[in-house]
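**Student:** Pasting a predicted model and its sequence here:
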Amino acid sequence: MSYSVKTIEWSDDGVVMIDQTKLPTEEIYNTYKEVEEVAQAIKDLVIRGAPAIGVAAAMGIALGVKNLTSKENLDQEFERICKIIHDTRPTAQNLFWAIQRMREVYQGHRDKSLHEIQAALRDESIQVLEEDIDINRRMGMHGQALLAEQGNVLTHCNAGALATGGYGTALGVVRSAVEQGKTLRVFADETRPFLQGARLTAWEMMKENIPCTLITDNMAGYFMQQGQVQAVIVGTDRTVANGDVANKIGTYSVAVLAKAHNIPFYVAAPTSTIDLSIPTGKDIPIEQRTAEEVTVIGNRQMAPDGIDAAYPAFDVTPHHLVTAIITEEGVARDPYTESLAEMVARAKARRTAKA
Ligand code: MRU
């Protein structure tokens with residue numbers, strides 16, 4: 001499959017990212033030279049999707065340290081840089097996972113020369129990117145086995161190459177199934193208000209000639225009722241110990257609809273998105289974005305001046321609505337408290353064996 005969109009990469013000049021706010025009409029790559037610029041890009045959804053946010057976080061920290069000119073107050077400087085990245089978006093677990101990973105590398109190298117510390121952090125951030133692509137391919141193989149030889153798969157938001165280092169989580173499963181010769185059509189929810197489905201998922205699917213039908217969010221029930229959806233597959237920003245799943249606002253509604261129509265509801269979750277420190281979904285921090293992102297589309301005002309509008313960016317799907325959670329280590333099923341812990345332990349063992 002000849003698909004080669006690059007979401008993010010490290011270069012000698014800085015961190016290069018495709019501007020996802022401009023897609024699908026413009027494919028613009030910008031180079032970000034300061035950690036503050038990377039943080040702003042995360043806040044503005046120039047780069048978005050939990051695993052891609054994790055890669056941007058790691059590269060942002062590496063960039064911040066690269067720009068230091070001496071080891072003076074290095075510990076404080078490192079923590080200042082981490083905080084700039086930390087204070088961007090609260091829901092995606094990968095952000096905090098990446099900060100912790102970079103912190104461990106920093107701790108292991110802090111007594112070395114500044115040059116060596118900078119190189120170690122740069123290399124680690126590149127490894128976070130490369131590992132993410134590998135993880136998505138493995139997750140794709142596990143997940144594709146759950147899909148029939150042919151049928152329609154509904155997805156919400158964008159959990160594709162653009163949301164990750166490459167290949168995608170939920171769309172990685174679709175890609176993998178297609179690579180195995182399965183005949184699938186993707187039903188893409190447009191995903192109001194940022195339109196990740198319409199602007200990004202539809203764009204990715206068209207680039208690769210994977211059949212795709214774009215629908216507005218409120219059409220999902222209709223197509224399920226018509227028997228036109230055989231499976232739902234979504235990504236996640238944070239999945240917690242009991243299997244409750246935070247994902248793009250509207251995911252919960254899709255899960256309820258899937259249950260009502262007896263359609264399997266799958267979640268593709270790399271272990272970097274699994275947060276075992278939180279027992280249930282009620283404690284997941286949900287980002288609240290500005291109401292203007294609901295009332296204005298493009299430059300067009302869609303609601304009266306002064307209207308009260310709300311924009312919780314994510315919702316939580318309770319685990320009893322989730323048929324299975326696909327990870328790079330295998331497929332987790334209820335009871336998730338046990339199966340997810342097992343997947344995380346396997347991922348940890350794999351990393352330890354590699355080190
Ligand atoms: O606000 P976004 O676009 O960052 O939200 C993204 C999602 O909700 C994705 O489904 C999730 O991060 C998984 S991406 C592989």
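**Tutor:** Looks like it came in fine. Residues are numbered from 1 along each chain as shown.

**Student:** which ones are touching Val15?
**Tutor:** Val15 makes contact with Ile8, Glu9, Thr31, Tyr32, Val38, Ala56, Met59, Gly60, Leu63, according to C-beta atoms under 8 Å, 6 or more residues apart in numbering. (Each C-beta comes from the backbone N, C-alpha and C, glycine too.)

**Student:** Would you tell me what helix or strand it is located in?
**Tutor:** strand 14-18 (DSSP states H and E).

**Student:** Next, the buried residues of the strand or helix carrying Thr239.
**Tutor:** Secondary structure assignment for Thr239, by DSSP H and E: strand 238-240. By neighbour count with 16 or more other C-beta atoms under 10 Å, strand 238-240 contains the buried residues Arg238, Thr239, Val240.

**Student:** List just the nearest of those residues to the ligand.
**Tutor:** Arg238 (8.9 Å; C-beta to the nearest ligand atom).

**Student:** does the closest one really touch Ile284, like I thought?
**Tutor:** Yes: the pair formed by Arg238 and Ile284 meets the contact definition of C-beta atoms under 8 Å, at 5.4 Å.

**Student:** Give me the common contacts of those two.
**Tutor:** Thr91, Ala246, Asp275, Ile278.

**Student:** domain parsing for the chain?
**Tutor:** Domains of the chain are assigned by automatic domain parsing as 8-137, 139-354.

**Student:** Columns mean pLDDT and distance to the ligand on top of the ones you listed, output as TSV?
**Tutor:** Output for those, formatted as TSV (pLDDT from 0 to 100; distance: least, C-beta to the nearest ligand atom, whole Å):
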stretch	mean pLDDT	distance to the ligand
domain 8-137	98	3
domain 139-354	97	3
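
**Student:** that older thread, could you tell me which of the contacts of Val15 are located in strands?
**Tutor:** Judged by DSSP state E, the contacts of Val15 include Ile8, Glu9, Thr31, Tyr32 as members of strands.

**Student:** Emit the ChimeraX select command for whichever of these are buried.
**Tutor:** Selection of buried members from the ones in strands among the contacts of Val15 for ChimeraX, criterion 16+ other C-beta under 10 Å:
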select :8,9,32
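
**Student:** need the strands for the stretch 151-300 of the chain, in chain order.
**Tutor:** 183-189, 212-215, 231-234, 238-240, 245-248, 265-268, 274-275, 296-297, 300-301 (DSSP state E, counting those that start in this stretch).

**Student:** right, and those strands - which one's nearest Thr201?
**Tutor:** Closest to Thr201 of these is strand 183-189 (C-beta to C-beta; 4.4 Å).

**Student:** Mind jotting down where the helices sit in the stretch 151-300 of the chain?
**Tutor:** Along the stretch 151-300 of the chain, counting by DSSP state H, counting those that start in this stretch, helices occupy 170-179, 196, 202-207, 220-225, 251-260, 292-295.

**Student:** Including distance to Gly14 and mean neighbour count, could those go into JSON lines?
**Tutor:** Converted to JSON lines, the helices of the stretch 151-300 of the chain look like this (distance: least, C-beta to C-beta, whole Å; neighbours: other C-beta atoms under 10 Å):
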{"stretch": "helix 170-179", "distance to Gly14": "27", "mean neighbour count": "27"}
{"stretch": "helix 196", "distance to Gly14": "25", "mean neighbour count": "27"}
{"stretch": "helix 202-207", "distance to Gly14": "25", "mean neighbour count": "20"}
{"stretch": "helix 220-225", "distance to Gly14": "40", "mean neighbour count": "17"}
{"stretch": "helix 251-260", "distance to Gly14": "34", "mean neighbour count": "21"}
{"stretch": "helix 292-295", "distance to Gly14": "27", "mean neighbour count": "16"}
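
**Student:** Which of those sits closest to Ala50?
**Tutor:** Comparing these by C-beta to C-beta, helix 170-179 comes nearest, at 11.4 Å.

**Student:** Over to the residue of the chain most remote from its centre. Which of the three states is it?
**Tutor:** The centre of the chain is farthest from one residue, Glu72, which by C-alpha atoms, centre = their mean lies 35.6 Å away. Using DSSP: H, G, I helix; E, B strand; the rest coil, the structure places Glu72 in coil.

**Student:** Appreciated, that's everything.
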